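Visitor: When you get a sec, could you give me coordinates for this:
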Amino acid sequence: MKLLCTLNLPYVCKKTFRTHELKLLEAVKYSCEENMKAASKEVQNFKKTTTCGVSVDGTWQRRGHMSLNGCVSVISIDTGKILDLEVMTQYCKMCEMNIKCDHECSNYKGSSGNMESVGAFRIFERSVMKRELQYTEYYGDGDSKAFLKVKDIYGEDTVTKLECIGHVQKKSRLTT
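Guide: Numbering: from 1, shown residues only. Model prediction:
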């Protein structure tokens, strides 16, 4: 409110602001989804197949195992573009404030350390239906438990794990 007054702009009530914020969020989600669909089509055209290698990694809002929010991404090894993304949260501000509206609420219950595994599983699970791709090569950071969740997702041992060279180099520098 102070910023708007300083800029000589009209003040918007919280409810109106939240409505516009939700509309903007929907527009961003649609744009991201369209970009990820285009990236998956690009991989299919590049490889002339529906299988590909992906780099899987997760991140959290806060270090350690106390974060309420996290995100897992799958990036194509061939194009370097994001193919899918899973945003997870254990907390919903709108529910806490008892705001009645149509929104996506918290979508994860469990420890922060397990977010990467659950997110990777969700992404691999929808890969064929949503992206028309099978992620058959898993490039991970070495300490991830996510590979164990996805290695048999398309059938027994259909996903192979390969080490990301950047993480291998980082680990060797830390041990020497």
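Visitor: buried stuff in stretch 75-94?
Guide: 75-76, 79, 82-84, 86, 88-90 (16 or more other Cβ atoms under 10 Å). No exception for glycine: its C-beta is placed from N, CA and C like everyone else's.
Visitor: May I have the longest strand belonging to the chain as PDB, with CA atoms only?
Guide: Longest strand of the chain, by residue count under DSSP state E: strand 51-60. What follows is strand 51-60, C-alpha atoms only, in PDB (Å, rounded to 0.1, in the frame of the first residue of the first chain):
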ATOM      1  CA  THR A  51      13.200 -42.500 -25.700                       C
ATOM      2  CA  CYS A  52      15.700 -40.100 -24.300                       C
ATOM      3  CA  GLY A  53      18.200 -39.400 -21.500                       C
ATOM      4  CA  VAL A  54      17.300 -36.900 -18.800                       C
ATOM      5  CA  SER A  55      19.000 -35.100 -16.000                       C
ATOM      6  CA  VAL A  56      16.900 -35.200 -12.800                       C
ATOM      7  CA  ASP A  57      17.500 -32.900  -9.900                       C
ATOM      8  CA  GLY A  58      15.500 -31.500  -7.000                       C
ATOM      9  CA  THR A  59      15.800 -28.300  -5.000                       C
ATOM     10  CA  TRP A  60      14.200 -26.900  -1.900                       C
END
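Visitor: okay if I get the buried residues of stretch 75-94 as TSV plus pLDDT and distance to residue 96?
Guide: Formatted as TSV, those follow (pLDDT from 0 to 100; distance: Cβ to Cβ, whole Å):
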residue	pLDDT	distance to residue 96
75	92	33
76	92	37
79	90	40
82	91	30
83	93	33
84	93	29
86	89	23
88	84	17
89	83	12
90	80	12
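Visitor: Inside strands: which ones of those residues?
Guide: 75-76, 82-84, 86, 88-89.
Visitor: Widest-spaced pair of the residues you listed?
Guide: 76 and 89 (25.7 Å; Cβ to Cβ).
Visitor: Now for residue 139, how many residues are close by?
Guide: By other Cβ atoms under 10 Å, the residues close to residue 139 number 21.
Visitor: That one belongs to a helix?
Guide: No. Counting by DSSP: H, G, I helix; E, B strand; the rest coil, residue 139 falls outside a helix, being strand.
Visitor: so who does it touch?
Guide: 53-56, 77, 162-164 (Cβ atoms under 8 Å, 6 or more residues apart in numbering).
Visitor: Try it again at 7 Å.
Guide: When contacts are counted by Cβ atoms under 7 Å, 6 or more residues apart in numbering, residue 139 touches 53-55, 77, 162, 164.
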